[in-house]
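Colleague: structure for this input, please:
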Amino acid sequence: MAIPADVRARATWLRERLSWHGYRYYVLDDPEIPDAEYDRLFRELQELETAHPELIAPDSPTQRVGGKPLEAFMPVRHRIPMRSIRTETDTGPGGAWAFDAQVRREVGLSEDTVPVEYACELKFDGLAVSLRYEGGVLVQAATRGDGETGEDVTQNVRTIQVVPLRLQGAVPEVLEVRGEVYMSRPDFERYNARQRAAGLPTLVNPRNGAAGSIRQLDPNLAAKRPLSFFAYGLGEVQGWELPATQSALLDALMAWGLPVCGERTVARGADELMAFHRAIAGKRDALPFDIDGVVYKVNRLDWQQQLGFRTREPRWAVAHKFPAQEELTLVEAIEVQVGRTGAITPVARLRPVFVGGVTVTNATLHNADEVARKDVRVGDTVIVRRAGDVIPEVAGVVLERRSLDARPFAMPETCPVCGSRVVRLEGEVVARCIGGLYCRAQRQEAIRHFASRRALDIEGLGDKLVEQLVERDLVRNPADLYGLDVATLAGLERMGAKSAAKLVEALERSKTTTLARFLYALGIREVGEATALTLASHFGTLEALMTAEEERLQQAPDIGPVVAAAIRAFFQEPHNQQVIARLRAAGVRWPETEVKQAVEQPLAGKTIVLTGTLESLTRDQASDRLRALGAKVSGSVSKKTDYVVAGREAGSKLDKARELGVTVLDEAELLALLEA
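Modeller: Okay, the predicted model is just below:
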């Protein structure tokens, strides 16, 4: 049965619109219609093609994914060989100057003539492919192979959304486009995250991901990999008079709907070549895809033809490399480091290797799960990656080089710094030392937190001073703070007798606190200000809390098994018990009468927001008193807010309260509420 003319016309229109909107979305990142509208048009075309299979065309957007798995890739003979580009490994200015001098010499230019013009592009770290368009329709895609013969990967390349199945506008009869298939870093990370969540294998790096995806025999599997493509050159061309320059050629490819990288320029002479090299090196780590250098091409195409080729490499182009970001080396040991918050991080001690411009001897393994996932063992040959200032990491293991005596890693049960227990809470990937008040590695962070404004509020004890106290071994844990005297403090940098005396006074004032502030100051994992207040209100005394089992802890409001486990682990550690005992002996105290059980709290369940400046008490003091009465003090106004307390110069929160109809209290009404 003949297909009605209106149906055929509709299918043609749908193909054209979907191709255009796909180009706007995937190539230009500037969609014109919502996703839902695109999906509606796509489904309509699918329905028409299902009802009339004769309508299915090779350039239809519906044909990007599908087909049976191949038994093998068929060979493709390149009509014009896919040449490789000579690599210049001198990462300094010498590489650019040497190439410019060679070009000038071979085209017969003297030193005093005008500079040579070059098209400067990026050297992508992916897989080179050739796309053949006939009549503007993609008919074949092939890998580089040995340069003369590659593999037919048409089905897989058709799954790449940025590769147009039909070119736009008036196009040559035959156009072979040379370019690079790559995987962006964000897509790579998202793909690996999904794979890990599903318990499936992950990709080692974006380049391997791109190459492995294109060589999948099953195009349905290839379609699941987030691949992209950049065009940068031509193979065979029929029915088109080439432009005069390489840069104009790339402009033409863009006009036909092919993606071309925007990080390109035209440079004149060696100095501008090196300026481009430096500029790209500076932004290399911020790019969303991997590169390993830049490419210089003589811009005039007639000069390219004049210069010709040297064996398999063009004389008119060179790849100016950056320092390698990945290298192979040997894992000589796996040790652990203890961070300022107690996090235990496995670290690979490596045979020294030059990577990313520096000699690397250590690389992070992140956590025990990552070590197990990558199966890194002592004695393994590994891929080490370093990008810019990022800490070097082990990207993967070369399993075929594994020796029989390679030793697996096991997380230590005790902290290598202080001997406290190492625990890993449910739901966390990081193991931690729980000797927070005692551990030398955590000392500075523990003291800084203890003295902070929302904790013991020791005025004058800033980060720089804490650093000095720790470096000089004057303070090993928070209890040592209360043994400091004026003479000792006055001897520190930027501390005179007057400043020292003020700090001693502040230390003495800090001894009088509340149980909630004291609990928060201890820096217990999972215990913030609100949880500390809940614990103080529920248990009443420090002794009752310290001896409570996990089941008893979970009877407190909003205390779940993870928080209960962290609290119990902290108070069970003998080192922490010793420091707490010393703090109590030094005179740190709180009025037990201020602690009220939750059932006695008159503001329990109320949410209160403070805004503006209060005259009779600080915002912190007001927050503490409200929390002690059971209120939740929030930083934002919503429909669930019960009261907004507005002080002097109250701002947008007051406006929001009035808009939502929330009760607004002034300072006098707040004081009355607290007294009541």
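
Colleague: pLDDT weak spots in the stretch 201-350 of the chain?
Modeller: For the stretch 201-350 of the chain, the stretches flagged by pLDDT under 70 are 311, 324.

Colleague: what about the strands in it?
Modeller: In the stretch 201-350 of the chain, the strands defined using DSSP state E, counting those that start in this stretch lie at 228-238, 265-268, 291-298, 309-310, 313-314, 317-321, 326-338, 343-355.

Colleague: looking at these, which is closest to Gly419?
Modeller: Taking CB to CB, strand 326-338 is the member of the strands of the stretch 201-350 of the chain nearest to Gly419, at 11.3 Å. In this view, the C-beta of every residue, glycine as well, is placed from N, C-alpha and C.

Colleague: contacts for the closest one?
Modeller: The contact list for strand 326-338 (CB atoms under 8 Å, 6 or more residues apart in numbering) reads 205, 344-355, 360, 365, 371, 376-385, 394-395, 398, 409, 411-412, 415-417, 433, 439, 441-442.

Colleague: what subset of these is buried?
Modeller: Buried members of the contacts of strand 326-338, scored by 16 or more other CB atoms under 10 Å, are 205, 344-348, 350, 353, 355, 360, 365, 371, 376-378, 380-385, 394-395, 409, 415, 417, 433, 439, 441-442.

Colleague: among those residues, which are located in helices?
Modeller: In helices, judged by DSSP state H, the following of the buried ones among the contacts of strand 326-338 are found: Val371.

Colleague: in TSV, list the strands of the stretch 201-350 of the chain along with distance to Tyr191.
Modeller: Output for the strands of the stretch 201-350 of the chain, formatted as TSV (distance: least, CB to CB, whole Å):
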stretch	distance to Tyr191
strand 228-238	12
strand 265-268	32
strand 291-298	20
strand 309-310	38
strand 313-314	34
strand 317-321	27
strand 326-338	19
strand 343-355	24
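
Colleague: which one of those strands lies nearest to Arg15?
Modeller: Checked against CB to CB, the stretch from these lying closest is strand 228-238, at 20.5 Å.

Colleague: list the pairing partners of the closest one within its sheet, with orientation.
Modeller: Strand 228-238 sits in its sheet next to strand 174-182 (antiparallel), going by DSSP bridges.

Colleague: any stretches of this protein with poor pLDDT?
Modeller: If you take pLDDT under 70 as the line, the chain has these spans: 1, 25-30, 35-36, 64-71, 89-92, 112, 311, 324, 387-390, 592-601.

Colleague: how about 50 then?
Modeller: Within the chain, the stretches with pLDDT under 50 are 66-67, 69, 593-599.

Colleague: run a quick neighbour tally on the closest residue in space to Leu250 that isn't next to it in sequence.
Modeller: In space, and not counting its chain neighbours, Leu250 is closest to Val260: 5.0 Å by CB to CB, 6 or more residues apart in numbering. Neighbour count for Val260, taken as other CB atoms under 10 Å: 18.

Colleague: then Thr641?
Modeller: Thr641: 20 surrounding residues under other CB under 10 Å.

Colleague: state the distance from His78 to Ala51.
Modeller: Look at His78 and Ala51: by CB to CB, to the nearest Å, they are 40 Å apart.

Colleague: who has more neighbours, those two?
Modeller: The neighbour comparison of His78 against Ala51 (other CB under 10 Å) goes to His78, with 21 against 10.

Colleague: phi, psi for that one please.
Modeller: The phi and psi values for His78, taken as degrees, to the nearest 10, are phi -70, psi 120.

Colleague: renumber starting at 57 from here on
Modeller: Yep, numbering from 57; the last one is His134 now.

Colleague: contacts for stretch 422-432?
Modeller: Applying CB under 8 Å, 6+ apart, the external contacts of stretch 422-432 come out as 252, 258, 387, 390, 401-402, 404, 421, 438, 449-450, 452-453, 455, 464-465, 467, 480, 485-487.

Colleague: which residues of the stretch 157-306 of the chain fall in helices?
Modeller: Taking DSSP state H, counting those that start in this stretch to define them, one finds helices in the stretch 157-306 of the chain at 210-213, 241-253, 262-270, 275-278, 302-311.

Colleague: list the buried residues in the longest one.
Modeller: Neighbour-count burial for helix 241-253, with 16+ other CB under 10 Å as criterion, is recorded at 241, 243-244, 247-248.

Colleague: just the first one next, same as before
Modeller: Across helix 210-213, burial judged by 16+ other CB under 10 Å covers 210-213.

Colleague: contacts for it?
Modeller: By CB under 8 Å, 6+ apart, the list of residues contacting helix 210-213 reads 123, 126, 185, 187, 194-198, 219, 237, 269-272, 275, 278, 285.

Colleague: and Arg371, how far is that from Arg405?
Modeller: 46 Å.

Colleague: neighbours of Thr205, just the number please.
Modeller: For Thr205, the count of nearby residues is 15 (other CB under 10 Å).

Colleague: so who does it touch?
Modeller: Per CB under 8 Å, 6+ apart, neighbours of Thr205: 131-134.

Colleague: tell me what it is bridged to.
Modeller: Counting by DSSP bridges, the residues bridging with Thr205 are Arg133.

Colleague: any idea how far it is from Val531?
Modeller: Distance, Thr205 to Val531, by CB to CB: 71 Å.

Colleague: okay, now the closest residue to Gly616 other than its chain neighbours: neighbour count?
Modeller: In space, and not counting its chain neighbours, Gly616 is closest to Gln610: 6.7 Å by CB to CB, 6+ apart. Using other CB under 10 Å, Gln610 has 15 neighbouring residues.

Colleague: looks like Gln610 contacts Ala620 (just checking).
Modeller: Yes - the pair Gln610 and Ala620 passes the contact test of CB atoms under 8 Å, sitting 4.9 Å apart.

Colleague: now the common contact residues for those two.
Modeller: Shared contacts of Gln610 and Ala620, defined by CB under 8 Å, 6+ apart, are absent.

Colleague: just give me the neighbour total for Glu167.
Modeller: Look at Glu167: counted by other CB under 10 Å, it has 6 neighbours.

Colleague: sorry, back to before: counting neighbours, which of the contacts of Thr205 comes out on top?
Modeller: Within the contacts of Thr205, most neighbours by other CB under 10 Å means His134, with 21 neighbours.

Colleague: how much space is there between that residue and Gly717?
Modeller: Separation of His134 from Gly717 (CB to CB): 73 Å.

Colleague: please apply the same query to Thr118.
Modeller: Look at Thr118 and Gly717: by CB to CB, they are 53 Å apart.

Colleague: what's the answer for Gly707, then?
Modeller: With CB to CB as the criterion, Gly707 and Gly717 are 18 Å apart.

Colleague: what does Arg246 give?
Modeller: Taken as CB to CB, the span from Arg246 to Gly717 is 43 Å.

Colleague: what does Asp181 give?
Modeller: Taking CB to CB as the measure, Asp181 falls 58 Å from Gly717.

Colleague: looking at those two, which has the bigger crowd around it?
Modeller: Asp181 (19 against 8).

Colleague: setting aside sequence neighbours, what's the nearest residue to that one?
Modeller: Here the residue nearest Asp181, using CB to CB, 6+ apart, is Asp346, at 4.0 Å.

Colleague: first-to-last residue distance for stretch 352-372?
Modeller: Its first and final residues considered, stretch 352-372 spans 8 Å by CA to CA, to the nearest Å.

Colleague: got a list of contacts for it?
Modeller: Stretch 352-372 is touched from outside by 137, 139-142, 152, 155, 158-159, 162-163, 172-177, 203, 298-303, 305, 322-323, 329, 373-374, 376, with contacts defined as CB under 8 Å, 6+ apart.
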